[in-house]
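Peer 1: Pasted the sequence and its predicted model underneath.
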Amino acid sequence: MAQVSEKVMVELHNVDKSYGDNKVVKNLNLQIQEGEFLTMLGPSGCGKTTTLRMIAGFEDVTAGAVIIEGENVVNKPPYQRNVNTVFQNYALFPHMNVYDNIAFGLTEKKVNKEEIRQRVGEMLSLVQMDGYETRRPSQMSGGQKQRVAIARALVNRPKVLLLDEPLGALDLKLRKQMQVELKHLQRQLGITFVYVTHDQEESLTMSDRIAVMNNGVIEQIGPPDKIYNRPATKFVADFIGESNIFEASVVSINGDNLKVIFETGGAEVSASGFNQDEMVYISVRPEKLKCSIDAVPGFNLRGTVKEHIYVGSISKTIIELPNGQNLKMSLLTGTPLLPQGENVWVYWEKDDTVVLHTNEETLYNLIEQVPKIEVRV
Amino acid sequence: MNIHNKRLNKFLSAAFVTLIYIFLYLPIAIIVFFSFNSSKLNVVFQGFTLQWYGVMFQNGDLMSALKNTAIVAVSSVVISVFIGTLAAIGMFRYEFKGKSIVDSFLYIPIVIPEIVMGISLLAFYHILSISLGILTLILAHVTFSMPYVVVTVRSRLSGYDMSLEEAAMDLGATRMHTLTRITLPIIAPGILAGAMLALTLSLDDVIVSFFTTGVDSVTLPIYIFNKVKTGVSPDINALITVIILVTLLVMLLMRTFDARTSKKEQA
Amino acid sequence: MNSATTATAVFGSEVNTSKKRMPFSRFVPLLLMVGPVILWLLIFVAAPLLYIFVISFMKKGIYGGVVVSLNFENYLRIFDPLYLRIFLVSIIIATATTVLCLILGYPFAYIIARASDRNKNILLSLIMLPFWTNSLIRTYGWIILLRTNGTFNTLLVSTHLISQPLQMLYTNGAVMVGMVYTLFPFMVLPLYSSLEKLDRSLLEAANDLGATPRRAFLRVTLPLTVPGIFAGCIQVFIPTLGYFFISDLLGGGNSILVGNLIRNQFLAARDWPFGAALSILLIVFTIVLMRVYKHFGGSLENIT
């Protein structure tokens, strides 16, 4: 991340967007550094594409400012903004060949023919499409169109490249390959990338920072490892990767050590900033979950091995708790598996959990239901 | 500045569209206007009257022209929709030799000038010694509207999932049942659109009718064509006004029906 | 495959007939469904056109009948200056009508295609609505408006804009107005469908790459709607040549177009062979235009 400088390239300041009564983006604030690869991640309808389109200039902001290189551009049309977009469906001009598609932006800027020829050529080799100049979009595969779309945007040497789910239409293998190439390209050119996707795995692989969006707000923004390991909200914990989430109540606090109880038992976690009797979410990743035939001090959580699912390099074990909740535990394939139907004790390392505040009211009823279970220490 | 331009653009667009619609409806409006004129001439408005709406029923030639128009329209729509829908489904479902020939043949009645179709049918009826009348008129109308029905129904079919038919047959439906219970209901909007198009073409036609009509099968446009030079009486204006009103009513009914079905589909 | 083997086991030799029955079971419904249309097209389209083609080489009988012979005289007569002039006038009027329809129709279709879905439906229905009152009736409406003692003149005289009524009816101008009026929807509908189909993200892409709306229109919208423009032009140009009743009613005797000429051969002059030859010429002309249209990437589906 050495290329990421301190200079702010794009800034969204208190941006609102609504269609009629429908608020799609709510008071959004975001700073994107020069040379950064920022991903906006979220489920469909979360407002990520709308946000991208406001940066590009295709959508007006309802309120707030879009600042590109220190200049508020909300009143500038797309053709006066120094950003370029790679569209979800590529949006290649069907009546032009590859060369004319890529040259489009340069001819609009009245760049001289010789320079256009040279720059289009450079772009074609950059995206490894040499020799395709005279092809029409209809004669190319999805991956090839994708490369042309990227070249068509990059040839204009934009300060910021906006990518709207650019790999969404590609098959899995090609998508993985393009992820690597795109990341490589971004490093090589040092251009700021703003990348929109709903694929959390994609965002983890490629980004310098991820902004997780939900219902028009950014739930969390940070580097991939932070987002994955330290989700700030239940939504983030749930949306990024897999999580086992317990709704729990804090029964005692000893420094950073919390004792919590939940419907099916009790456990110890390490966290700070929580109060006695507070309702919390405990989130544990499947790879952090452990189980044992023997009881583990500090944990009172029993379940039954329900089934094993083989997923290539790892295997997943599903453990069913007495209340019917299924816990997912992943192990490297080859690790000896416990037999199905076996009763096991579930536990984890105290530092391997994330504890999150909850809205207490929503859990009020739950407290009543929590059976009095003695917490074994 | 930007917002100003947008407003100006919007205003100019609206003004332009309005002018075009005035142009499109001006001649219709003037006919409606003079249907309420007490003068027998469509020149100056002398006073308001509804008498022509009564007089028109006593005009035997006019009423028979109206009747003939309706008979021709309804029969030609029924025949062309029946034959055309069958053909559209058949051509969508089966591959056969000469399909592309049938296909391009279908477009001949669509692209050739109406006058050529009119005179060729006239000559054809003549050599077969078929005397011109309501039958020749219906046959002619089916000929020019059927291809449109095929094309319209087929465009609706192009989004049709053949596996639905396979599923129906898999669940034990016979070919006939599959057609009546699955295929036809799904493409019903296409058939309806085809029928509307056929009706429109039949009602609007002048040229083909002109050549294929006989003395005892005069339709409304032919009747008016014959009258225009000698002078049109205002009861014709009244009848046209009634037709326009009926048309508007039908269109409104269809729109509400459309809105309802699309709401149902969404639900 | 499996059932076939079972069938062989059970019925032995019958497997051959069942193999033949398979295409038969497809053939019968196919014949029932497509057969009627093919038959209809053969009888009412192919046969009459063939007949017209045949009589275009024959001779006019004394009492208007057709005398069997083989000659090209009818085609040669077309080059008579009298008829050439009619062709020329027809083509000029048809071209002018087409150009006017295009100039008015393109912005009109463009605006409708960009309207909200609800407005779109209403605006489109409003174009289709006049069709339900016969085009001849609407032409009659124009007569009321344009004639010497008609609405326009009455209005203009009573407001003292003119002192004498203008001769508006029975002029080439009136014919043009009638043609543009009648054929305008045929221009708008194909234009509308090609504009409506246009992927909006292409325009966004053009803007994104630095093209102003004007430039984006010239470089993206216009070239991508060329098939629609062509389809519209063909659907206006060809009928204009044949709409004899408009030139009859609005042009009086002053304006004889190809359509009137053909009509006259079949009704007044009773010279069917010559009328047939003129029709064949019109068909050839149509075919040539369609070829050009297809050459420029147009598809027949757009012409409906």
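Peer 2: Yep, it's here.
Peer 1: For the rest of this, base every contact and every neighbour count on C-alpha atoms.
Peer 2: Fine.
Peer 1: Now for the closest residue to chain C within chain A: which residues touch it?
Peer 2: Going by Cα to the nearest Cα, chain C is nearest to A:Y79 of chain A, at 3.9 Å. Going by Cα atoms under 8 Å, 6 or more residues apart in numbering or on different chains, A:Y79 touches C:207-212.
Peer 1: Of the residues you listed, which belong to strands?
Peer 2: Residues of the contacts of A:Y79 located in strands (DSSP state E): none.
Peer 1: pLDDT weak spots in the stretch 51-200 of chain B?
Peer 2: By pLDDT under 70, the stretch 51-200 of chain B has no low-scoring segment.
Peer 1: For it, which residues are neighbours of chain C?
Peer 2: B:83-84, B:86-91, B:94, B:102, B:105-117, B:119-121, B:123-124, B:140, B:143, B:148, B:151, B:200 (Cα under 8 Å from any Cα of the partner chain).
Peer 1: Narrow those residues to just the buried residues.
Peer 2: B:83-84, B:86-91, B:102, B:105-117, B:119-121, B:123-124, B:140, B:143, B:148, B:151, B:200 (16 or more other Cα atoms under 10 Å in any protein chain shown).
Peer 1: any idea which helix is longest in the chain?
Peer 2: I went with chain A, as the question did not name one. Looking across chain A with DSSP state H, the single longest helix is helix A:172-189.
Peer 1: please go with chain C instead
Peer 2: Longest helix in chain C, counting by DSSP H: helix C:81-113.
Peer 1: Can you confirm whether it lies near chain B?
Peer 2: Yes: Helix C:81-113 lies within reach of chain B by Cα under 8 Å from any Cα, at C:108, C:111.
Peer 1: buried stuff in that helix?
Peer 2: Quick answer for helix C:81-113 (16+ other Cα under 10 Å): C:83, C:86-87, C:89-91, C:93-102, C:104-113.
Peer 1: From the contact counts, what lies against it?
Peer 2: Applying 3 or more Cα pairs under 8 Å, 6 or more residues apart in numbering or on different chains; DSSP states H and E, we find helix C:81-113 packed against helix B:2-34, helix C:117-128, helix C:172-197, helix C:226-242, helix C:258-266.
Peer 1: report the angle between the axes of it and helix B:2-34?
Peer 2: Interaxial angle of helix C:81-113 relative to helix B:2-34 (axes from the mean of the first three to the mean of the last three Cα atoms, to 10 degrees): 120 degrees.
Peer 1: if we can go back for a sec, so which of the contacts of A:Y79 belong to helices?
Peer 2: C:207-208.
Peer 1: Contacting chain A as well, which ones from the residues of the stretch 51-200 of chain B next to chain C?
Peer 2: Okay, of these, nothing touches chain A (Cα under 8 Å from any Cα).
Peer 1: Please give the number of neighbouring residues around the residue lying closest to A:P231 once chain neighbours are set aside.
Peer 2: In this structure, A:P231 finds its nearest non-sequential neighbour in A:A237, 5.2 Å apart by Cα to Cα, 6 or more residues apart in numbering or on different chains. Using other Cα atoms under 10 Å in any protein chain shown, A:A237 is surrounded by 24 other residues.
Peer 1: Then A:T335?
Peer 2: Quick note: A:T335 (other Cα under 10 Å) scores 9 neighbours.
Peer 1: Tell me the bridge partners for it.
Peer 2: Counting by DSSP bridges, A:T335 forms beta bridges with A:T333.
Peer 1: how close does it get to A:V311?
Peer 2: Separation of A:T335 from A:V311 (Cα to Cα, to the nearest Å) stands at 13 Å.
Peer 1: Then C:R270?
Peer 2: Distance from C:R270 to A:V311, by Cα to Cα: 86 Å.
Peer 1: between those two, which one's more packed in?
Peer 2: More neighbours surround C:R270 than the other of C:R270 and A:V311, with 19 against 11 (other Cα under 10 Å).
Peer 1: who are the neighbours in contact with A:Y347?
Peer 2: A:267, A:289-292, A:296, A:299, A:301.
Peer 1: how near is B:V149 to B:T200?
Peer 2: From B:V149 to B:T200 the distance is 12 Å (Cα to Cα).
Peer 1: number of nearby residues for B:M56?
Peer 2: Counted with other Cα under 10 Å, B:M56 comes out at 19.
Peer 1: close enough to count as contact, it and B:L62?
Peer 2: Yes: B:M56 is within contact range of B:L62, at 7.3 Å (criterion: Cα atoms under 8 Å).
Peer 1: who touches both of these two?
Peer 2: B:I236.
Peer 1: so where is the stretch 1-150 of chain A shaky, pLDDT-wise?
Peer 2: If you take pLDDT under 70 as the line, the stretch 1-150 of chain A has these spans: A:1-5.
Peer 1: all helices for it, in order.
Peer 2: In the stretch 1-150 of chain A, the segments counted as helices under DSSP state H, counting those that start in this stretch are A:48-56, A:98-108, A:113-126, A:142-154.
Peer 1: Can you add distance to chain C and give these back as a markdown table?
Peer 2: Shown next, in a markdown table, are these (distance: least, Cα to the nearest Cα, whole Å):
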| stretch | distance to chain C |
| --- | --- |
| helix A:48-56 | 7 |
| helix A:98-108 | 5 |
| helix A:113-126 | 14 |
| helix A:142-154 | 7 |
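Peer 1: TSV for those helices, including mean neighbour count?
Peer 2: Shown next, in TSV, are the helices of the stretch 1-150 of chain A (neighbours: other Cα atoms under 10 Å in any protein chain shown):
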stretch	mean neighbour count
helix A:48-56	24
helix A:98-108	23
helix A:113-126	16
helix A:142-154	23
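Peer 1: List just the one of those helices that sits closest to chain B.
Peer 2: Nearest of these (Cα to the nearest Cα): helix A:48-56, 16.5 Å.
Peer 1: export that closest one as PDB, just CAs?
Peer 2: What follows is helix A:48-56, C-alpha atoms only, in PDB (Å, rounded to 0.1, in the frame of the first residue of the first chain):
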ATOM      1  CA  LYS A  48     -23.400   1.400  -3.600                       C
ATOM      2  CA  THR A  49     -24.100   1.700  -7.300                       C
ATOM      3  CA  THR A  50     -26.000   4.900  -6.800                       C
ATOM      4  CA  THR A  51     -23.000   6.300  -4.900                       C
ATOM      5  CA  LEU A  52     -20.700   5.300  -7.700                       C
ATOM      6  CA  ARG A  53     -23.000   6.900 -10.200                       C
ATOM      7  CA  MET A  54     -23.100  10.100  -8.200                       C
ATOM      8  CA  ILE A  55     -19.300  10.300  -8.400                       C
ATOM      9  CA  ALA A  56     -19.400   9.700 -12.200                       C
END
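Peer 1: Can you give the contact residues for that helix?
Peer 2: Residues contacting helix A:48-56 (Cα under 8 Å, 6+ apart): A:24-25, A:40-42, A:59-61, A:66, A:78, A:81, A:83-85, A:162, A:164, A:194, A:196, A:213, A:216, C:208.
Peer 1: could you redo the last one with a cut-off of 7 Å?
Peer 2: A:40, A:42, A:59-61, A:66, A:78, A:83, A:162, A:164, A:196, A:213 (Cα atoms under 7 Å, 6 or more residues apart in numbering or on different chains).
Peer 1: before we move on, what about stretch C:77-94?
Peer 2: Counting by Cα under 7 Å, 6+ apart, C:176, C:237, C:240-241, C:256-258 sit against stretch C:77-94.
Peer 1: The same query, at a cut-off of 10 Å, please.
Peer 2: Here stretch C:77-94 makes contact (Cα atoms under 10 Å, 6 or more residues apart in numbering or on different chains) with C:95-100, C:172-173, C:175-176, C:179-180, C:233, C:236-242, C:255-261, C:274, C:277-278, C:281.
Peer 1: And that stretch, how far out from the chain middle?
Peer 2: Offset of stretch C:77-94 from its chain centre (Cα atoms, centre = their mean, to the nearest Å): 20 Å.
Peer 1: for chain C, which residue is closest to the average position?
Peer 2: In chain C, the residue lying closest to the centroid (Cα atoms, centre = their mean) is C:Q235, at 3.5 Å.
Peer 1: Understood, closing this out.
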